[in-house]
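S.K.: build the 3D model from these lines:
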Amino acid sequence: MSNWKVKFAALAAAGMAMALPAMAQDKIGIAALYNVSSGGLASLDGPSLNGVQLKAKMINEAGGLLGGRMIEVTAIDTKDDTREAATAGQRAVAIPGLSAGIGHRDSTFALASAPLFQTAGIPFVTSGATSPDLPAMVGSEMFLVPFGDDVQAHAMADTPMTRWACATSRCGPTTAWTTPPACRNTSSSASPRWVAPSRSRMST
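M.R.: Numbering: from 1, shown residues only. Alright, predicted model coming up:
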């Protein structure tokens, strides 16, 4: 089987997206790198790892990928330490027959691990890191599941511009509302419109 098909199947499983038909062969190995035992990110990374393992179990119970190949997830705890994340990357790419890596909810940790996968020519999918520069910084084997920060920022800025009308002509970084803005419907079918109360200057 061609190498790109194995990589594509691994990305599908890691991204929890799709399956492709092919002949049954060896297991599809995926390394899952997450901060699970300590640190502030454990509350995010732990559930992320659980999700990866659950999806792999569901796919395997449904017959696997590529005509019956089972997914084997190897979890590696990066212990809320970027040095551990780099070491985990080294351990992961050394796993015989590894097809892909997944992990990290933070861009700093992704940057510590993903370059090892890039050097080894193994795809790495981050399930939570959102820096839009990651693929450019790491290389062609780096993939993001979530929207990048730039897309999220655009959506955050676009929503009040398109859905609400500001009742004042000037809203800048030195403006603060003395009370939360009141929201009322302009009509029964229209989107909410912000009605600005009095405002005061913030001290600089």
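S.K.: how much space separates Leu65 from Ile30?
M.R.: Leu65 sits 11 Å away from Ile30, taking CB to CB, to the nearest Å as the criterion. For glycine as for every other residue, the C-beta is placed from the backbone atoms N, C-alpha and C.
S.K.: now do Ser131
M.R.: In this view, Ser131 and Ile30 are 22 Å apart by CB to CB.
S.K.: more neighbours: those two, which one.
M.R.: For Ser131 versus Ile30, the count of surrounding residues by other CB atoms under 10 Å is larger for Ile30: 28 against 18.
S.K.: how about the strands in the chain?
M.R.: Using DSSP state E, the strands of the chain run over 28-34, 71-77, 98-103, 124-126, 142-144, 175-177, 182-185, 192-195, 199-201.
S.K.: burial count for Gly148?
M.R.: Counted with other CB under 10 Å, Gly148 comes out at 17.
S.K.: how about it, nearest residue that isn't a chain neighbour?
M.R.: In space, and not counting its chain neighbours, Gly148 is closest to Pro132: 3.3 Å by CB to CB, 6 or more residues apart in numbering.
S.K.: ditto for Gly139
M.R.: Gln118 (4.2 Å).
S.K.: surely the one you found is in contact with Phe143?
M.R.: No: the pair Gln118 / Phe143 is not scored as a contact, 11.1 Å apart, by CB atoms under 8 Å.
S.K.: overlap in contacts of these two?
M.R.: Common neighbours of Gln118 and Phe143 are listed as Phe124 (criterion: CB atoms under 8 Å, 6 or more residues apart in numbering).
S.K.: longest helix in this structure, please.
M.R.: What stands out as the longest helix in the chain, according to DSSP state H, is helix 42-61.
S.K.: show me which parts of it are buried, residue by residue.
M.R.: For helix 42-61, the neighbour count (16 or more other CB atoms under 10 Å) marks Ala42, Leu44, Asp45, Gly46, Ser48, Leu49, Val52, Lys55, Ala56, Ile59, Asn60 as buried.
S.K.: got any ranges where the chain has weak pLDDT?
M.R.: Residues of the chain that meet the criterion pLDDT under 70 lie in 1-25, 149-152, 154-155, 159-204.
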